[in-house]
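> I'd like to go over a predicted model; first the sequence, then the structure.
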Amino acid sequence: MHDLKALRADPAAFDAALARRGLPAVAESLVKEDEQRRAALAELQEAQARRKGLAKEIGQAKRNGEDTTEIEARGVALRDRIATLEARANEIQKRIDDVLQRLPNQLDASVPDGRDENDNVVVHQRGEVPSFPFEAKQHFELGEALGLMDFAAAGKIAGSRFVMLRGVLARLERALGQFMLDTHTGEFGYEEVTVPLLVNDASMYGTDKLPKFAEDSFHTDDDRWLIPTGEVPLTASVMGDILPAESLPRRMTTLSTCFRSEAGSAGRDVRGMLRQHQFTKCELVSVVAPEESEAEHERMTRAAETVLERLGLPFRRVLLCAGDTGFGAAKTYDLEAWLPGQKAWREVSSCSNTRDFQARRMNARMRREKTTVFVHTLNGSGLAVGRVMIALMEMYQQEDGSIIVPDVLRPYMGGLTVILI
RNA sequence: GGAGAGAUGGCCGAGCGGCUUAAGGCGCACGCUUGGAAAGCGUGUGUACGUUAAUAGCGUACCGAGGGUUCGAAUCCCUCUCUCUCCGCCA
């Protein structure tokens, strides 16, 4: 959500920010609506003040046993007038909100211009793209050959874009999740949280998944949503709160199942488990004071990178350009791991600073000297478990189709060193 | 799923159509007092919007949320949400 006062103070800057996203100017019309809104509000408040006075007068008169039929008649007229004024003020407010709710966050100055992912900027790369002495296979070829990645059974019981992992591959996924959680809680000070996987409208709206992206998530028939990411419940947990300054930064992590309808991605990544309706992700969320969010963004991204480093997976950090940065983000780093079978970099994490964008939608504030300010919220994958498992399978594959278990995961795998064909 | 009881300021708690500008207490802040502290006394103590240079004043709204009745609603009515107790079911 956007700050109407800031818009009023500098309409040109507001439009310039929209232009970076390739969106048309709206400031002039919003400023006009805002003037109407404030005029309507002034009129309404004045009428309400008179109602207050009148009611007091009547109360006084009744106590004195005087006749009040004449004043009460004036009250009737005033009541009708207030109802009209109130309706008008609400209508204008709603019109403004409808526009503002659908406008994306303003981009950080450091975000490069650009239209789409081709204009993203590689910040750095860690690890080398390996050359295999044999033709590297894709994860689903490896998984199906092992008999541990069962798309057929999942299709039968649920449909496409689901998978059933079996045996040590199921355990490998679990091991990865544990390893991520342990790293973030043990080394980076994140509090482990288990969260509801079903949430209400307010949580989805506050984390900017509504109203614009309703079709991307699953809706239940009792009017809840399956969370598209752990970001939603973690971030929305501070909804409506005024947090004491000393309680910040608040860092939370959860290992959760995520659900996406993938409505707009028919035909994309249909093979394998790269793009599923349901997947596991370790999510990081930080709630911080406004002046801390930039540093926190780097810190969070480092936490996510650390997991990839420990797993020995080559990756690169990419700064998303203006056109590729998501609706709620001011700035986003993607982490992309190398998939030898697919011979491509694929996103395994996305770390975003939303600044006060979500906080305004959620009304999440912190205490400041004599006043309150909106907190800043950040979210990042630390990491997408399924996709990291894919990268790991493809990176650690042997010519015979067996897969070596990285050192750091062996304690979580009962000491297993290799997944044999 | 059934029956009942609740939701009031940071916390406890009164109020149940107008005399509420929400009593009183606790906590917190500041001041007085003191060698210092405690106690005591005094003053202050929410959020949002509007107005404004202002986080100063002033105005309006807010007693779980949303509607309604009324000249006037914390108080009456309706719907919803959440909490608690009991029964049923269940991991």
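The structure has been received and is ready for your questions.

> Show me what the closest residue to RNA strand B within the stretch 201-350 of chain A is bridged to.
With Cβ to the nearest atom of the strand as the measure, A:Ile242 is the residue of the stretch 201-350 of chain A nearest to RNA strand B, at 6.2 Å. Heads up, the C-betas are built off the backbone N, CA and C, glycines and all. On the basis of DSSP bridges, A:Ile242 is bridged to A:Arg365.

> what's the longest helix anywhere in chain A packed up against?
The residue-count maximum for a helix in chain A (DSSP state H) belongs to helix A:27-63. Packing contacts for helix A:27-63, counted by 3 or more Cβ pairs under 8 Å, 6 or more residues apart in numbering; DSSP states H and E, involve helix A:4-9, helix A:11-20, helix A:69-100.

> Export those as a markdown table, with columns for mean pLDDT.
Formatted as a markdown table, the helices and strands packed on helix A:27-63 follow (pLDDT from 0 to 100):
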| stretch | mean pLDDT |
| --- | --- |
| helix A:4-9 | 92 |
| helix A:11-20 | 95 |
| helix A:69-100 | 91 |
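
> Mind jotting down where the helices sit in chain A?
Counting by DSSP H, one finds helices in chain A at the ranges A:4-9, A:11-20, A:27-63, A:69-100, A:139-146, A:151-157, A:167-188, A:201-206, A:231-236, A:293-310, A:357-362, A:385-395.

> hmm, back to that, go through the longest helix of chain A and flag the buried ones.
By neighbour count on 16 or more other Cβ atoms under 10 Å, the buried set for helix A:27-63 is A:27, A:30, A:33-34, A:37, A:40-41, A:43-44, A:47, A:54, A:58.

> Looking at these, which two lie furthest apart in space?
Using Cβ to Cβ, the pair of the buried residues of helix A:27-63 lying farthest apart is A:Ala27 and A:Ile58, separated by 46.0 Å.

> Please verify my assumption that A:Ser402 contacts A:Leu416.
No - counting by Cβ atoms under 8 Å, A:Ser402 sits too far from A:Leu416 to count as a contact (11.5 Å).

> confidence score at the closest residue to A:Gln178 other than its chain neighbours?
Of all residues not flanking A:Gln178 in the chain, A:Tyr412 sits nearest, at 5.3 Å (Cβ to Cβ, 6 or more residues apart in numbering). On pLDDT, A:Tyr412 comes in at 98.

> List the residues that contact A:Tyr412.
By Cβ atoms under 8 Å, 6 or more residues apart in numbering, the contact list for A:Tyr412 reads A:174-175, A:178-179.

> One more pass at 7 Å, please.
A:Tyr412 is in contact with A:175, A:178-179, counting by Cβ atoms under 7 Å, 6 or more residues apart in numbering.

> Kindly provide the distance from the closest residue to A:Ile58 other than its chain neighbours to RNA strand B.
Nearest non-adjacent residue to A:Ile58, counting by Cβ to Cβ, 6+ apart: A:Thr68, 5.1 Å away. Using Cβ to the nearest atom of the strand, to the nearest Å, we find A:Thr68 at a distance of 7 Å from RNA strand B.

> Ok, A:Arg102 next?
Distance, A:Arg102 to RNA strand B, using Cβ to the nearest atom of the strand: 20 Å.

> Touching, that residue and A:Lys212? I think so.
Yes - the criterion here is Cβ atoms under 7 Å, and A:Arg102 meets it with A:Lys212 at 5.6 Å.
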